[in-house]
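Asks: I would like the atomic coordinates for the input below:
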Amino acid sequence: MMINVTELKRKIIDLAISGKLTKHLPEDGDAQSLLDSIINKKLALISSGILKKDKELKHIEDSEIPFEIPSSWQWTRLGLYAQKVTDQVASGSFADIRDNVVSLKEPDYAIMVKTADFANGFTKNLTYTNKHGYEFLENSNLFGGELILSNIGSIGKVFIVPKLEKRMTLAPNSIMVRLTDNNLIMYLYYFLLSSQGYKELDSISTGIAMKKFNKGGLKTILLPIPPLEEQKRIVAKLDEIFAELDKIDEKQTRLATIQEKMEAKILKLAIQGKLVEQRPEEGTGEELFKLIQEEKQELIKQGKIKKEKPLPTIGEDEIPFEIPSTWKWVRMNDVLDVRDGTHDSPKYYSEGVPFVTSKNLINGDIDFSNTKLISFDDARKINERSYVENDDILMAMIGTIGNPVIVKKDRDFCIKNVALIKNFCKGEMFTKYLYYFLKFSESNLIYIAKASVQQFISLSIIRNYIIPLPPFEEQKRIVAKIEELLPLCKG
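Replies: Modelled structure (predicted):
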């Protein structure tokens, strides 16, 4: 069983910020002394004109306090604890910034630091501004050691600004927090990554599809503050534990890679006819193909499926590997009913029918947690062409290609940009064999999709995609062997 290192780290941080990870030593003093020191430093900066005086923050009521902390700790608000909380807009109106600050892609006087820069280590896609822009944004210039929070979209992301040998200033859609002492940075960083930190940020956020908060709201959030020396011990302990967890995570990643290779090997052997023996009494793929064609023609006569144009003969140059002599290469649309969902985007409502897209196909299942809802009337129109039934297979056509799902339907829903594969011959085609074939084919389908302008695979490609067809009983034995071996890969 794999350890969820990210979740475990958060739980450990939660223990730390509630005072349950380290000892409380009398010689550390108390947090009130630390807060008094911070206030005195800020007053000195205000007196010298370096810092502007902030509006007074509301007193903390007992009803606001979410949990008990050690007696030497103190609850405070971030605006009181920090030296400065600001954003780019603090330098002027949007119009003033537009008139005075240029965004440049070529290196220039200063980097305009974006949250995306932290992911690539400030090595690519940097944005710059000129000397005038940097000086105009003086209020939000960066020098290293500040915290930056993304305040639009994915709230809860926090970064520590590195000390670069370059001038830096804050880009839009972020808030900067500067502290009076760099020794305070890491504890605050960890707090903002905690469950309580996220709750505090969420409590000041507005919007549903796109959450956002402002610097005024950020100043009001509550922090549990230990004395400085205890903060240092907490940070040291977290760093020590996380270093060990990172080693575990690295080993898990290597193990997962090995498991994936083993699973891929099993599927490869299965689809190439090397996982189970061939039995003469089970017939041939050619005989099975003729039965499927007869059934398909009967369904066309009954109007249950549409007659399609004949697909081209499979050429020798299309065949990717050898299969047993009793098998047959066929095109998917010759043995299946391959459709797709709508390409339109109907209006969304607070109530209605779930609208499943490629992003909702995850790990062999449909994730309905973030599906949008469309009207029953729009759903009816979509389902006239692509109604999803039990045991149909869905596959992502755009974005993350593949991710096949055998539908086990517990509600009505509609699909968009998702391939719908209907097995109209369940007596001759085993749905699970099709599922594992699609899992095996994912890497090739992704390769085909990457050759396009965008990550997309068309319905025509899927219909023409070739599949090795074993006799029906052999299909079932292949699936049984796959499902016997795959659990062994996970240990």
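Asks: Please name the residues that touch the residue nearest to residue 426 when sequence neighbours are not counted.
Replies: Beyond its immediate neighbours in the sequence, the residue positioned closest to residue 426 (CB to CB, 6 or more residues apart in numbering) is residue 391, lying 7.4 Å away. The way it works is simple: take the backbone N, C-alpha and C, and place the C-beta from them, glycine included. By CB atoms under 8 Å, 6 or more residues apart in numbering, the contact list for residue 391 reads 406, 407, 408, 423, 426, 431.
Asks: Please apply the same query to residue 318.
Replies: Residue 318 is in contact with 329, 466, counting by CB under 8 Å, 6+ apart.
Asks: Which of the helices or strands spans the residue lying closest to residue 272 once chain neighbours are set aside?
Replies: Once its chain neighbours are removed from consideration, residue 272 has its nearest residue in residue 321; the separation is 5.6 Å (CB to CB, 6+ apart). Assigning secondary structure by DSSP states H and E places residue 321 outside every helix and strand.
Asks: isn't residue 321 right up against residue 269?
Replies: No: when contacts are counted by CB atoms under 8 Å, residue 321 is not listed as touching residue 269 (11.0 Å).
Asks: Pick out whichever of the two has more residues nearby.
Replies: Taking other CB atoms under 10 Å, residue 321 and residue 269 do not tie; residue 269 has more neighbours (17 against 9).
Asks: What segments of the stretch 251-400 of the chain are helices?
Replies: Shown for the stretch 251-400 of the chain, the helices assigned by DSSP state H, counting those that start in this stretch span residues 285-301, 332-335, 376-386.
Asks: Can you name the residues in contact with the second one?
Replies: Residues from elsewhere that reach helix 332-335, judged by CB under 8 Å, 6+ apart: 289, 292-293, 296, 308, 311, 338, 421, 425, 429, 462-467, 469.
Asks: most tightly surrounded among the helices of the stretch 251-400 of the chain?
Replies: When you average the neighbours per residue for each of the helices of the stretch 251-400 of the chain (mean count of other CB atoms under 10 Å), helix 332-335 leads with a mean of 21.
Asks: Output it as PDB - backbone C-alpha positions only.
Replies: Extracted in PDB, the C-alpha atoms of helix 332-335 (Å, rounded to 0.1, in the frame of the first residue of the first chain):
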ATOM      1  CA  MET A 332     -12.900  -1.200 -34.400                       C
ATOM      2  CA  ASN A 333     -16.000   0.000 -36.200                       C
ATOM      3  CA  ASP A 334     -16.400  -3.300 -38.000                       C
ATOM      4  CA  VAL A 335     -17.000  -5.100 -34.700                       C
END
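Asks: So what's the residue count around residue 237?
Replies: Residue 237 sits with 15 neighbouring residues when counted by other CB under 10 Å.
Asks: Just give the closest residue to the residue nearest the centre of the chain, not the sequence neighbours.
Replies: Centrality entry for the chain: nearest residue to the mean C-alpha point is residue 359, 9.8 Å, by CA atoms, centre = their mean. Excluding the flanking residues, the one nearest residue 359 by CB to CB, 6+ apart is residue 399, at 6.1 Å.
Asks: ok so, going back, which of the contacts of helix 332-335 fall within strands?
Replies: Secondary-structure check on those using DSSP state E: residues within strands are 338, 421, 466, 467, 469.
Asks: Tabulate these (CSV), appending distance to residue 302, pLDDT and neighbour count.
Replies: Formatted as CSV, the entries for the ones in strands among the contacts of helix 332-335 read as follows, by distance: CB to CB, whole Å; pLDDT from 0 to 100; neighbours: other CB atoms under 10 Å:
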residue, distance to residue 302, pLDDT, neighbour count
338, 19, 91, 22
421, 20, 93, 24
466, 28, 96, 17
467, 25, 96, 20
469, 24, 96, 26
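Asks: How many residues are close by the closest residue to residue 300 other than its chain neighbours?
Replies: Counting by CB to CB, 6+ apart, the nearest residue to residue 300 once its immediate chain neighbours are dropped is residue 307, at 4.9 Å. By other CB under 10 Å, 11 other residues sit near residue 307.
Asks: ok, residue 307 to residue 458 distance?
Replies: Remark: distance between residue 307 and residue 458 (CB to CB, to the nearest Å) = 21 Å.
Asks: now do residue 317
Replies: Computed with CB to CB, the distance linking residue 317 and residue 458 is 20 Å.
Asks: Looking only at neighbour counts, state which of the two leads.
Replies: Set side by side, residue 317 and residue 458 give different neighbour counts by other CB under 10 Å, the larger being at residue 458 (15 against 6).
Asks: dump the residue contacts of that one.
Replies: Residues touching residue 458, when contacts are defined by CB under 8 Å, 6+ apart, comprise residue 397.
Asks: now swap in the one 10 residues further on and tell me
Replies: For residue 468, the contacting residues are 271, 272, 273, 285, 323, 327, 328, 329, 437, taking CB under 8 Å, 6+ apart as the criterion.
Asks: In a markdown table, list those along with pLDDT and distance to residue 368.
Replies: Listed next are the contacts of residue 468 as a markdown table, based on pLDDT from 0 to 100; distance: CB to CB, whole Å:
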| residue | pLDDT | distance to residue 368 |
| --- | --- | --- |
| 271 | 96 | 31 |
| 272 | 96 | 36 |
| 273 | 95 | 37 |
| 285 | 94 | 37 |
| 323 | 96 | 38 |
| 327 | 96 | 38 |
| 328 | 96 | 38 |
| 329 | 96 | 37 |
| 437 | 96 | 26 |
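Asks: Kindly indicate which of those lies nearest residue 190.
Replies: Using CB to CB, residue 437 is the member of the contacts of residue 468 that lies nearest residue 190, at 47.0 Å.
Asks: Burial check on that closest one, number of neighbours?
Replies: Here the count is done by other CB under 10 Å, and residue 437 has 21 residues near it.
Asks: Now do the helix or strand where it lies: distance to the chain's middle.
Replies: Here residue 437 is covered by helix 431-450, with elements defined by DSSP H and E. Remark: helix 431-450 is offset 22 Å from the chain centroid, using CA atoms, centre = their mean, to the nearest Å.
Asks: how far away is the residue of the chain most remote from its centre from residue 291?
Replies: When each C-alpha in the chain is compared with the mean C-alpha position (CA atoms, centre = their mean), residue 281 comes out farthest, at 48.8 Å. Applying CB to CB, the value for residue 281 to residue 291 is 16 Å.
Asks: Tell me the spatial nearest neighbour of residue 352, not counting adjacent residues.
Replies: In space, residue 352 is closest to residue 373, 3.8 Å off (CB to CB, 6+ apart).
Asks: My guess is that neighbour contacts residue 355. True?
Replies: Yes: Residue 373 is within contact range of residue 355, at 6.6 Å (criterion: CB under 8 Å).
Asks: neighbour-wise, which of the two wins?
Replies: Using other CB under 10 Å, the more surrounded residue of residue 373 and residue 355 is residue 355, with 22 against 18.
Asks: need the contact list for that one.
Replies: With contacts defined as CB under 8 Å, 6+ apart, the neighbours of residue 355 are 346, 348, 371, 372, 373, 374, 413, 414, 415, 416.
Asks: Generate a PyMOL selection restricted to the buried subset of those.
Replies: Here is the PyMOL command that selects the buried residues among the contacts of residue 355 (16 or more other CB atoms under 10 Å):
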select buried, resi 346+371+372+373+374+413+414+415+416
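Asks: Kindly reformat the contacts of residue 355 as CSV and extend each row with distance to residue 12 and pLDDT.
Replies: Converted to CSV, the contacts of residue 355 look like this (distance: CB to CB, whole Å; pLDDT from 0 to 100):
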residue, distance to residue 12, pLDDT
346, 45, 89
348, 39, 91
371, 33, 92
372, 36, 91
373, 38, 93
374, 42, 93
413, 39, 94
414, 43, 93
415, 41, 94
416, 41, 92
